[in-house]
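1. Kindly generate the corresponding structure for this input.
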Amino acid sequence: MVRNVKRLSMSYIRQGLYVTAALFLLTLLVMQVWFLDLLTPVIVSVAFTLVVCITIGLVWRYVALNSPDSLPTFFTAVSGFRLLLALAVMFVYYLLDHNDTMLTFFLVFMVFYVASLAHHTIFFARVSNSSDR
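-> Numbering: from 1, shown residues only. Okay, the predicted model is just below:
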């Protein structure tokens, strides 16, 4: 059980890194093809996604090993934490934005946010379904 949880935790982090890297490369391609300046939104979005993904993977491992009965609470807390952190990042960007690029930032950030959310949902749905059998 312990090895399986650790393996799943690292798998979650690795897959999150792959999703983030793929979106990063896709965004760089879009920047080159359409000559868009998206570098700052992409860097902030990548940093947010990686920090959240790694944190969730490590905290999930801790909760699954030490208090597996608390996993439903963990998933609820993660949803709220991710949303509040995303709102905080967008608010800080809004305060620092001097070029009126908030809409561009919001669109790029939401692509990364939704991809991160989809990865989280699919991964843990599969983990929950496989442990129920």
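2. tell me the contacts of Val42?
-> Contacts for Val42 (C-beta atoms under 8 Å, 6 or more residues apart in numbering) come out as Phe24, Thr27, Leu28, Met31, Val108. For every residue, glycine as well, the C-beta is placed using N, CA and C.
3. before we move on, what about Val111?
-> Leu23, Thr27, Ser45.
4. what about 10 Å?
-> Going by C-beta atoms under 10 Å, 6 or more residues apart in numbering, Val111 touches Leu23, Leu26, Thr27, Pro41, Val42, Ser45.
5. In this model Leu23 seems to touch Leu50, though I could be wrong.
-> No: with contacts counted by C-beta atoms under 10 Å, Leu50 stays clear of Leu23, the gap being 11.1 Å.
6. who touches both of the two?
-> Common contacts of Leu50 and Leu23, defined by C-beta under 10 Å, 6+ apart, comprise Phe112, Ser116.
7. other SSEs contacting the helix or strand hosting Gly80?
-> Counting by DSSP states H and E, the element that carries Gly80 is helix 71-96. Helices and strands touching helix 71-96, by 3 or more C-beta pairs under 10 Å, 6 or more residues apart in numbering; DSSP states H and E, are helix 39-66, helix 102-132.
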